[in-house]
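[1] dropping a prediction and its sequence here:
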Amino acid sequence: MDIQLHYEEHGSGEPLILLHGNGEDSTYFEHQVAYFQNRFRVIAVDSRGHGKSPRGTAQLTLGQLASDLASFMDGLALDSAHILGFSDGANIAMLFATAHPERVKSLVLNGGNLFPEGLTDQTRREIDEEHQAALAADDTAQLELLRLMIDEPHIDPASLAALRMPALVIAGTDDMIEDDHTRLIAESIPNARLAFVEGTHFVAAENPDAFNRVVEDFLVQA
């Protein structure tokens, strides 16, 4: 890997890696770090080009970010970990899990999507408006981030059928992801749990008590 990813680490026990969404950083998970550090070695990572992690020279794609995760785990000498991904972080987690299933103890997918059409129509219109504004401003950094949501991901639901690790698919009741699409992800992973928690796409930050309880109940049995 051409860069070193910034991360914060708290607690001890089995490693739990937290992957944030598009345009965010690891501070999104402040409520999860505080909650889970009593049971896990919580590792909150800034993805390439986000937060305190440098952009580097590699192409910014979800596939590259999944590759970065493998190199990051190598650097920490982690053979495997529990992985909780939010939004694009969930998409990275799916790509990583299909490429390296032996490295995933369990998988928590919060607000992920398999392809852009999994986003609600309203969300896609808002992203298009942001894209037009970024084009007008010649904001190349923002355009690069928006491209991740406009053009990616492209995950074949059938590819998830090979996953055998415990999995939880969780979303807000008023999410940016279509409910049927969230259900498709859960149905595509053998024996995956499905949960909807009161809140929007950002339910982990808005309703952390309820979100954390559902995730903890899953993780202690994983």
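    Yep, that arrived.
[2] mind giving me the packing neighbours of the lengthiest helix in the chain?
    Ranked by number of residues, the top helix in the chain under DSSP state H is helix 121-137. Identification of packing neighbours for helix 121-137 by 3 or more C-beta pairs under 8 Å, 6 or more residues apart in numbering; DSSP states H and E yields helix 140-150. In this view, the C-beta of every residue, glycine as well, is placed from N, C-alpha and C.
[3] just the helices in the protein please.
    Taking DSSP H as the criterion, the chain carries its helices at 30-36, 62-75, 88-99, 121-137, 140-150, 179-188, 203-206, 208-219.
[4] list the buried residues in the fourth one.
    Neighbour-count burial for helix 121-137, counted by 16 or more other C-beta atoms under 10 Å, picks out 123-124, 127, 130-131, 134.
[5] can you check the shortest one too?
    Under the neighbour-count criterion of 16+ other C-beta under 10 Å, helix 203-206 has 203-205 buried.
[6] I'd like the average pLDDT over that helix.
    Averaged across helix 203-206, the pLDDT comes to 98.
[7] and it, C-alpha only, in CSV?
    Output of helix 203-206 as CSV, limited to C-alpha atoms (Å, rounded to 0.1, in the frame of the first residue of the first chain):
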residue,chain,number,x,y,z
VAL,A,203,-29.0,5.6,12.9
ALA,A,204,-25.7,4.6,14.6
ALA,A,205,-25.1,8.2,15.4
GLU,A,206,-28.7,9.3,15.9
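[8] need the contact list for the nearest residue to Ser67 once chain neighbours are set aside.
    Nearest non-adjacent residue to Ser67, counting by C-beta to C-beta, 6 or more residues apart in numbering: Met1, 7.7 Å away. Applying C-beta atoms under 8 Å, 6 or more residues apart in numbering, we find Met1 in contact with 56, 67-68, 71-72.
[9] weed out the non-buried ones from the residues you listed.
    Buried subset of the contacts of Met1 (neighbour count, 16+ other C-beta under 10 Å): 56, 67-68, 72.
[10] what's the closest of those residues to Pro153?
    The closest of the buried ones among the contacts of Met1 to Pro153 turns out to be Ser67 (C-beta to C-beta; 14.1 Å).
[11] do you know the pLDDT at that closest one?
    Looking at Ser67, its pLDDT is 98.
[12] with Asp74 as the reference, measure out to it.
    11 Å (C-beta to C-beta, to the nearest Å).
[13] next: Leu168.
    Per C-beta to C-beta, Leu168 is found 26 Å from Asp74.
[14] please apply the same query to Arg41.
    Taking C-beta to C-beta, one finds Arg41 at 16 Å from Asp74.
[15] again, but for Thr27
    From Thr27 to Asp74 the distance is 25 Å (C-beta to C-beta).
[16] and Ala81, by the same measure?
    12 Å.
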